[in-house]
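this one's structure only:
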């Protein structure tokens, strides 16, 4: 049974404020939640130690990098190649165009969220990383017309 760290109201306020603005200064965060700056930095470090806060990142517009086409590629692995799923997943994770990789239960084994320049780029990716892989049985590619991502927010 998984245990979860105990979080009090101040921890929850810190998490909420940092989800709204991950670049907030410690001084501003402390003011926002009503605690001393030294207490605030200690609490943030504690949340990181407990793996409640797992990192900080920048949101980048892929179109600004020339990656204007998003696709979702469903991948089915051959039934006799199940032992190779981890190697395939690791290879896909290391590919820069793969924005997200979902390992699934059900008909498909993976869904790849691919960021590409154009349809030729998608075709090259499918040929190089999927069609030539002997453990891949089938793929299905869908073009993403619109994508909205809602960050997970603690209620």
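Arrived safely, thanks for sending. The structure displayed is predicted, hence computed values, not measured ones.

now the farthest one out in the chain, which residue is it?
residue 36 (33.0 Å; C-alpha atoms, centre = their mean).

give me every residue that touches that one.
Going by C-beta atoms under 8 Å, 6 or more residues apart in numbering, residue 36 touches residue 30. Just so you know, the C-beta spots here come from the backbone N, C-alpha and C atoms, and that holds for glycine as well.

what's the separation between it and residue 47?
16 Å (C-beta to C-beta, to the nearest Å).

with residue 98 instead?
Counting by C-beta to C-beta, the gap from residue 98 to residue 47 is 29 Å.

same thing with residue 105?
31 Å.

run through the helices of the protein in chain order.
Taking DSSP state H, the helices of the chain run over residues 9-20, 26-33, 37-49, 85-93, 119-125.

how about those, which one is nearest residue 72?
Relative to residue 72, the nearest member of those by C-beta to C-beta is helix 119-125, separated by 10.7 Å.

now tell me what touches the closest one from outside.
Contacts of helix 119-125 (C-beta under 8 Å, 6+ apart): 69, 71, 73, 95, 97, 114, 116, 141.

contacting residues for the first one?
By C-beta under 8 Å, 6+ apart, the contact set of residue 69 is 115-119, 121-122, 143.

what's opposite the residue nearest the centre of the chain in the beta bridge?
The chain has residue 100 as the residue nearest its centroid, 5.5 Å off, counting by C-alpha atoms, centre = their mean. Counting by DSSP bridges, residue 100 is bridged to residue 113.

against residue 3, how distant is it?
28 Å.

do the same with residue 30
29 Å.

next: residue 22.
26 Å.

so between the two, which is more surrounded?
For residue 22 versus residue 3, the count of surrounding residues by other C-beta atoms under 10 Å is larger for residue 22: 14 against 5.

based on its surroundings, how many neighbours for the residue nearest to residue 151 when sequence neighbours are not counted?
The shortest distance from residue 151 to any non-neighbouring residue, by C-beta to C-beta, 6 or more residues apart in numbering, is to residue 19 (6.4 Å). Residues near residue 19, counting by other C-beta under 10 Å, number 13.

of the helices of the chain, which is nearest residue 110?
Of all these, helix 85-93 comes closest under C-beta to C-beta, at 7.0 Å.

what does the closest one contact?
77, 98, 101, 103, 109-110, 112, 129, 133, 135-136.

show me the shaky parts of the protein.
1-2, 152-155 (pLDDT under 70).

try 90
1-6, 19-22, 55-62, 79-85, 106-107, 147-155 (pLDDT under 90).
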